[in-house]
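Participant: just to be clear, the model below is a prediction. Sequence and coordinates:
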Amino acid sequence: MAARTSGLVLGLVVFLSTAAVAQAPPSLQTALRRAHAAYVEGRAARDVPRLAIVDGDLRALMAARRLVSVHELRPGYEELGLRPALFESEYLTYTGKVLRDAHAIDPHSPARPFTLFALVFPNGEDGWELPDAAAGRAYLREFPDGPFAAETHAALARLYFDLFQILSANKQSAAGKRECFQRYLTTGPPAAQRVAARRHGLAHYQNAVALRPRDRQLRSEMQALAAGAPTGGHYCSD
C-alpha cells in the first residue's frame, strides 16, 4: 500500500510538472506568488505532498532562470527559504527549506521519497555546509532510484572529492578544512584514507553521471578525481 501511495505522489508531481510545461510559463513574480500561497496553505493543512510539490516548483524555477535577482523578494518569501547567495548576495538561492518543513511535519508521509532528502543537508543546501554522509547513504538504501538519488550521489561524491584533497594537502595549509571535515577523518594512515576517499568518491560520481549523463561538470570532476588531481572545492569555505 505504501509503495502504491508513493507511486501516486510521484505521478501527481509528474502530472503537475507536465501541465505547467504545456501552458505558457508565468512571470517570475507570478510563479513566486503562487508558490508562496501554496506553501502557506499546505503548511496550514499539514499537507506534505503539496509541500513537496512546492519544493519541486521552486527548484525548477531557480534552475530554469539560473540567476534570480534579490529584488524579486517580497515580504513573506523568506518562509520559502529564498535568501541572498553566500558569495553573490545580489542573487537569490533556494535552501530547500520547504522540503525540510514537509519532512518535519510527517517524515513517513507518502511523499517520503522526496522529503527524506531534507536530512542530507539538515542546515540548508545553499551554503558550504557539509552533507550528512550517513543520511545520504540511508536515502540511497531506501530509495536507490528515488527522485533525489542523483542529487544525493553528487553530494556524497563531492564530499569525498574534497576529503581526498584534504588528505593529499599539507596539514598546515589545510588546517581549516581539516577541522571542518574532522568527523570524516580517522586516525588511520592518510594514504589508506586517501585511497578510500577516492574509491567512494568515484563510485558516487559514476552513479551520479549515470543518472545525469549530460552534466559535464560532474563528469569533469569525476575525471579529475580519477586522475588523482582534483582542484577547487565544494564544502567548508576557507
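Facilitator: Sure, I can see it. Residues are numbered from 1 along each chain as shown.

Participant: what residue spans form the domains of this structure?
Facilitator: Structurally, the chain divides into domains by automatic domain parsing as follows: 2-109, 128-238.

Participant: Ala118 is nearest to which of these?
Facilitator: Of all the domains of the chain, it is domain 2-109 that lies closest to Ala118, at 4.2 Å by Cβ to Cβ. From N, CA and C alone the C-beta is placed, and that goes for glycine too.

Participant: check the offset of that closest one from the chain's centre.
Facilitator: Mean C-alpha position of domain 2-109 versus that of the full chain (Cα atoms, centre = their mean, to the nearest Å) differs by 14 Å.

Participant: what does stretch 122-137 give?
Facilitator: With Cα atoms, centre = their mean, you get 8 Å for stretch 122-137.

Participant: what are the buried residues along that stretch?
Facilitator: Residues 124-127, 130-133, 135-136 are the ones in stretch 122-137 that count as buried (16 or more other Cβ atoms under 10 Å).

Participant: what does stretch 164-184 give?
Facilitator: Across stretch 164-184, burial judged by 16+ other Cβ under 10 Å covers 164-168, 174, 177-178, 180-181, 184.

Participant: returning to that earlier point: so can I have TSV of the buried residues of stretch 122-137 showing pLDDT, secondary structure and distance to Leu32?
Facilitator: Shown next, in TSV, are those (pLDDT from 0 to 100; DSSP: H, G, I helix; E, B strand; the rest coil; distance: Cβ to Cβ, whole Å):
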residue	pLDDT	secondary structure	distance to Leu32
Gly124	90	coil	19
Glu125	90	coil	18
Asp126	78	coil	17
Gly127	71	coil	21
Leu130	91	coil	29
Pro131	95	coil	27
Asp132	96	coil	29
Ala133	97	helix	33
Ala135	98	helix	29
Gly136	98	helix	29
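
Participant: so which of the domains of the chain comes closest to Phe117?
Facilitator: domain 128-238 (3.8 Å).

Participant: gap between the residue sitting furthest away from the middle of the chain and Gly201?
Facilitator: Relative to the centre of the chain, and counting by Cα atoms, centre = their mean, the farthest-placed residue is Pro189 at 31.3 Å. According to Cβ to Cβ, to the nearest Å, Pro189 stands 18 Å off from Gly201.

Participant: and the residue lying closest to Pro49 once chain neighbours are set aside, how many neighbours?
Facilitator: Distances taken as Cβ to Cβ, 6 or more residues apart in numbering place Ala111 nearest to Pro49, at 4.6 Å, with adjacent residues excluded. Ala111 sits with 29 neighbouring residues when counted by other Cβ atoms under 10 Å.

Participant: against Asp55, how distant is Ala111?
Facilitator: 9 Å.

Participant: any shared contact partners between the two?
Facilitator: Ala102 (Cβ atoms under 8 Å, 6 or more residues apart in numbering).

Participant: hmm, back to that, for Leu119, which of the domains of the chain is the nearest?
Facilitator: For these, the distance to Leu119 is smallest for domain 128-238, at 4.0 Å, taking Cβ to Cβ.

Participant: show me the strands in this structure, by range?
Facilitator: 82-84, 92-94 (DSSP state E).

Participant: out of those strands, deepest packed?
Facilitator: strand 92-94 (a mean of 22; mean count of other Cβ atoms under 10 Å).

Participant: excluding its own residues, what touches that strand? List them.
Facilitator: 58-59, 62, 68-70, 72-73, 80-86, 125-126.

Participant: so which of the residues you listed are in helices?
Facilitator: 58-59, 62 (DSSP state H).

Participant: pick the one among those closest to Gly232.
Facilitator: Met62 (22.0 Å).

Participant: just checking, that closest one touches Gly56?
Facilitator: No: the criterion here is Cβ atoms under 8 Å, and Met62 misses it with Gly56 at 11.1 Å.

Participant: many thanks, have a good one.
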